[in-house]
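Colleague: fold the following for me, if possible:
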Amino acid sequence: MSTKLPQISAREKDVMSVLWHTGEALTASAIAVKGGGLSINTVQAVMRSLLKKNYIEVSDIVYSGTVLTRSYIPIISAEQYAADQLQAIRINTLNFSTMNFINHLTKNDETDILSELEDTIRHKKEEIE
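Modeller: The predicted structure is shown next:
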């Protein structure tokens, strides 16, 4: 990742989680409904902030009942966000060990993670050669 992502608040993470989880364009009112306790006013304020930080974009103008409203999609993926957060931790934590982190991720013998890691390593090696 070439540039560091702007920091986002807990509420902004809540809204992004809804967008990442659903995988489809959502209106502010749909996010409030799916967000479990987020008010429409909070969601609208958060959406303005996320737009300014380039985490989301307007996908379309759609009808919500009889009113036209914007629907939003994430520009930043959950994986991009997580990688940025991990990079910040690596930079700011003395003696951070990537290998210990990977060992922690895989300590429960989660073969899907191990398979993904193997595939990623193989593809990176192929790109280098």
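Colleague: what residues does the closest residue to Glu24 other than its chain neighbours make contact with?
Modeller: Counting by CB to CB, 6 or more residues apart in numbering, Glu24 lies nearest to Ile73, which is 7.8 Å off, once chain neighbours are set aside. (Glycine included, C-beta is placed from N, CA and C.) Taking CB atoms under 8 Å, 6 or more residues apart in numbering as the criterion, Ile73 is in contact with Leu19, Glu24, Ala25, Ile56, Glu57, Ser59.
Colleague: tell me the spacing between Met99 and Ile89.
Modeller: 14 Å (CB to CB, to the nearest Å).
Colleague: please disregard the earlier target; I meant Leu26.
Modeller: Counting by CB to CB - Leu26 and Ile89 are separated by 30 Å.
Colleague: repeat for Glu24
Modeller: Counting by CB to CB - Glu24 and Ile89 are separated by 31 Å.
Colleague: repeat for Asp119
Modeller: From Asp119 to Ile89 the distance is 24 Å (CB to CB).
Colleague: what does the domain assignment say about the protein?
Modeller: What automatic domain parsing lists as the domains of the chain is 10-74, 78-128.
Colleague: dump these into CSV; add distance to Lys4 as well.
Modeller: Output for those, formatted as CSV (distance: least, CB to CB, whole Å):
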stretch, distance to Lys4
domain 10-74, 12
domain 78-128, 6
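Colleague: just the ones you listed: most buried one?
Modeller: domain 10-74 (a mean of 16; mean count of other CB atoms under 10 Å).
Colleague: give me the distance between the two termini of that one.
Modeller: 16 Å (CA to CA, to the nearest Å).
Colleague: any idea of the mean pLDDT in it?
Modeller: Averaging pLDDT along domain 10-74 yields 94.
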